[in-house]
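> got a sequence here, can you model it:
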Amino acid sequence: MHEHRYEEAVGGQGHAGRGQGEFGSTQPGLTPGPDLASAGEDTLFTQWVHEIRGELVAMKSRSEIDKQLYNETLNRAILGYEEDRGKLLAMIHDLVSKRRLSGRPPKASGFTTLTEAIFAEIIGLNVLELIMKQREGLEEIQVVGQRIFEVRGGVARPSVHALPSLREVERIQQNLVLFNQDTLNTRKRWAEVVLKDGSRVTMTGFGFTAEPTLTIRFYTVKRFELSALASSELATLDSKMERLLRGLIQTYFNLVIIGPTNSGKTNLLKALIAEMDDNERIITIESRFELNLKRDFPHKNIVEYEIDEEDPKHSGMQAFKLALRQSPKRICHAEIRDDDANLYVRACTRGHEGSMTTVHVSELEDVPDAIADMCMLDNRGMDSTRLTKRITEFVTQIGIEMAVVDHKRKIVRIVEYRYEDGGVRVTDLAAYDKSTERWTFPGKLSHHASRKIQKSNLDTYKQLQDEGFIEKEGDLEA
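Got it, this is the predicted structure:
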């Protein structure tokens, strides 16, 4: 039942057979623990592990596509995906059988077969496997040395589990980089692995960080809609804010989103993109394919750029230059940074309305100045006051702040930016009140914004007027 060829394993057609049952029968011994860690380099078990790991790495496929599928299978197996773990368990069983070692007893307690013990050493995650069994709501696993933190609902909490040694962290790291033909050593003390589903692993080693670290960030959400974020289950926003945001998207306001890591910025970006016309050309620019819009919105007219700032031919600047020649209606920039700030500002001021980006600042009031500071870094001698005015009027028309409140991701502020009397004016359109656990709507859209909406979509103008976001008196002329 274990006679699985490599092509079957990578193609997804093979079945793990009894392999899944064998692994599943060892739940109490999922963690190899110090028993395996203490095995000397000269022991037979260590030799077998080394040889079989080498064979798994060296396996060659008949095409580049098969090779990519195989690497993906290895990565997913290490990260706890059951179907892929079954495939790898069957492959290791075959390699053990070829060596006529099937009858040998395992070298660690808790395992019923040698195959399982070798699997746990090559593929297993030690106590992380116990955490992976509780995948409901699990967003991240953060390992710092032997300490483990679990992120659920955007909040990191210490895990009840801890790794038995730093060796275990390094073993998992080395398996991941080895199966990706990467390195993590004294010359390069970091590595990253990104899976096709958007999950990713970031690793650092001694010398770059005080302790080895491992962060596993899972891709958890498949569908994004404003209505879903406004549901009572998620409560990221309420129905009134949903109508406001939908109206702003339909009338092509440029948006900027801020908030800490895991506060829901990406989910909101995708929910806003879901509201856009499928035929509009949208261009995304990222350092890693994290948004993966084509996967979530296969029918939309989307071009996705992945940039590498260390390669001038594929830098953010080059991506922007090409993107502007591809007739974009909107530009979705994952995060505005120093090197590409001027290009993004230029794009927004040259007619690409309805664009969106995120920026790392602590307050919405800081956004225009922060972007202006980035633009000034290229020493072009620009007038800072004039630059801030342009950014306020054309780049940061609407600001949105995300946060985690009582373990739920929420929009805590929506503001309009205006440049008046020589300075930036920020008007709160919506704000979350923690004391009442509800949103308030203290301000209204400016005359300029109201007129923009009226010219763009009269129905949206009337709806936002009825909602109280636009003044009813002194209606603007069409």
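
> can you give me the strands for the stretch 201-350 of the chain?
Applying DSSP state E, counting those that start in this stretch to the stretch 201-350 of the chain gives strands spanning 213-217, 255-258, 282-286, 302-306, 330-333.

> C-alpha coordinates for the last one, CSV please?
Extracted C-alpha coordinates of strand 330-333, given in CSV (Å, rounded to 0.1, in the frame of the first residue of the first chain):
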residue,chain,number,x,y,z
ARG,A,330,-6.6,52.2,-9.8
ILE,A,331,-3.3,51.4,-8.2
CYS,A,332,-3.2,49.3,-5.0
HIS,A,333,0.1,49.6,-3.3
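
> what sits up against it?
With contact meaning CB atoms under 8 Å, 6 or more residues apart in numbering, strand 330-333 is reached by 252, 269, 273, 276, 280-285, 291, 293, 323, 340, 344, 347-348, 352-358. C-betas here are computed from N, CA, C, even on glycine.

> buried ones only from those residues, please, as a PyMOL command.
Per 16 or more other CB atoms under 10 Å, the buried members of the contacts of strand 330-333 correspond to this PyMOL selection:
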select buried, resi 252+269+273+276+281+282+283+284+285+291+293+323+340+344+347+348+352+353+354+355+356+357+358
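
> okay, and which of the contacts of strand 330-333 map to helices?
Among the contacts of strand 330-333, the residues falling in helices (DSSP state H) are 269, 273, 293, 323, 344, 347-348.

> sort these by pLDDT and name the bottom one.
Taking the ones in helices among the contacts of strand 330-333 together, the minimum pLDDT is found at residue 347 (82).

> wait, which of the strands of the stretch 201-350 of the chain is closest to residue 93?
Across the strands of the stretch 201-350 of the chain, residue 93 has its closest neighbour in strand 213-217 (26.3 Å, CB to CB).

> pairing partners for the closest one, with directions?
strand 138-144 (antiparallel), strand 200-204 (antiparallel) (DSSP bridges).

> mind listing residues that contact that strand?
79, 128, 139-145, 169, 172-173, 199-204.

> thinking again about what came up before, of the ones in helices among the contacts of strand 330-333, closest to residue 429?
Distance to residue 429, by CB to CB, is smallest for residue 269 among these, at 18.7 Å.

> per the record, what domains does the chain have?
Taking automatic domain parsing as the reference, the chain has its domains at 1-124, 125-220, 226-443.

> that's a helix at residue 100, yeah?
No - assigned with DSSP: H, G, I helix; E, B strand; the rest coil, residue 100 falls outside any helix and is coil.

> distance check, it against residue 115.
Shown here: residue 100 relative to residue 115, a distance of 13 Å by CB to CB, to the nearest Å.

> between those two, which one's more packed in?
Of the pair residue 100 and residue 115, residue 115 is the one with more neighbours under other CB atoms under 10 Å, namely 27 against 8.
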